[in-house]
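Trainee: Test case, fold it:
(2 chains)
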Amino acid sequence: NAGVTQTPKFRVLKTGQSMTLLCAQDMNHEYMYWYRQDPGMGLRLIHYSVGEGTTAKGEVPDGYNVSRLKKQNFLLGLESAAPSQTSVYFCASTESGINEQFFGPGTRLTVL
Amino acid sequence: AQRVTQPEKLLSVFKGAPVELKCNYSYSGSPELFWYVQYSRQRLQLLLRHISRESIKGFTADLNKGETSFHLKKPFAQEEDSAMYYCALRPDSWGKLQFGAGTQVVVTP
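Mentor: So this is what the prediction gives:
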């Protein structure tokens, strides 16, 4: 099993460009999460999903959109990237909200 | 709103010395507390959760509701303990984790 995978691993964008980050899990987990990790701030929740077709806002959702069309995939979109979105993005999944979350390897995004 | 505070950004200890990472939280209800660890070039992984009351890799953490603390301790640090440690709080059953800023631990020989 690959567990939680993230694509791409690295990306550099110019301000105003758009992109989509893909998170995939092969553990048949219901719940999936997107976090961003910034120095001195830890990880902050962007959006999450408690099942296929559902999404909800986390702590820092502005500037991001998400979709969960398939149970195994959770997409994070940036419609118009800004330098403030330079960060490392982590995806996580879990069987239910009270179980251990399994994290992906992260995507390092730089917005110039 | 809930908040998790890790006052130390960096903790440098010698091999064999005790290490304690502080974590304080603010939350009006009864949250579940966790410690996550991120070793160099590895993904974030769960180290401890307060309800399990286990000792993992020699680490223990006790939830003190009176002091709203969940400090992580190990009596004898090893070089392989060098990593970034995050304290996290889960306020409900939706799994939304609130992380502290993290403490970088460096264990020198």
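Trainee: Is chain A within reach of stretch B:100-109?
Mentor: Yes: Stretch B:100-109 is in contact with chain A by C-beta under 8 Å from any C-beta of the partner chain, via B:Gly100, B:Ala101, B:Gly102. No exception for glycine: its C-beta is placed from N, CA and C like everyone else's.
Trainee: which one of those has the most neighbours?
Mentor: Of all the residues of stretch B:100-109 next to chain A, the highest neighbour tally under other C-beta atoms under 10 Å in any protein chain shown goes to B:Gly100, namely 26 neighbours.
Trainee: so that residue makes contact with B:Thr5?
Mentor: Yes: using C-beta atoms under 8 Å, B:Gly100 makes contact with B:Thr5 at a distance of 6.1 Å.
Trainee: what's the overlap in contacts for those two?
Mentor: Common neighbours of B:Gly100 and B:Thr5 are listed as B:Cys23 (criterion: C-beta atoms under 8 Å, 6 or more residues apart in numbering or on different chains).
Trainee: Quick one: residues contacting residue 91.
Mentor: Assuming you mean chain A. A:Val4, A:Gln6, A:Leu21, A:Cys23, A:Met32, A:Tyr33, A:Trp34, A:Tyr35, A:Phe74, A:Leu76, A:Phe103, A:Gly104.
Trainee: I was after chain B.
Mentor: Listed by C-beta under 8 Å, 6+ apart, the contact partners of B:Pro91 are B:Gln2, B:Tyr27, B:Gly29, B:Pro31, B:Gln98.
Trainee: From chain A, how far off is it?
Mentor: Per C-beta to the nearest C-beta, to the nearest Å, B:Pro91 is found 11 Å from chain A.
Trainee: what's that residue sitting at in phi/psi?
Mentor: Dihedral pair for B:Pro91: phi -80, psi -20, per degrees, to the nearest 10.
Trainee: who in chain A is up against chain B?
Mentor: Residues of chain A found near chain B (C-beta under 8 Å from any C-beta) are A:4, A:31, A:33, A:35, A:40-45, A:48, A:50, A:56, A:58-59, A:90, A:92, A:94, A:96-101, A:103-106.
Trainee: Lovely, talk soon.
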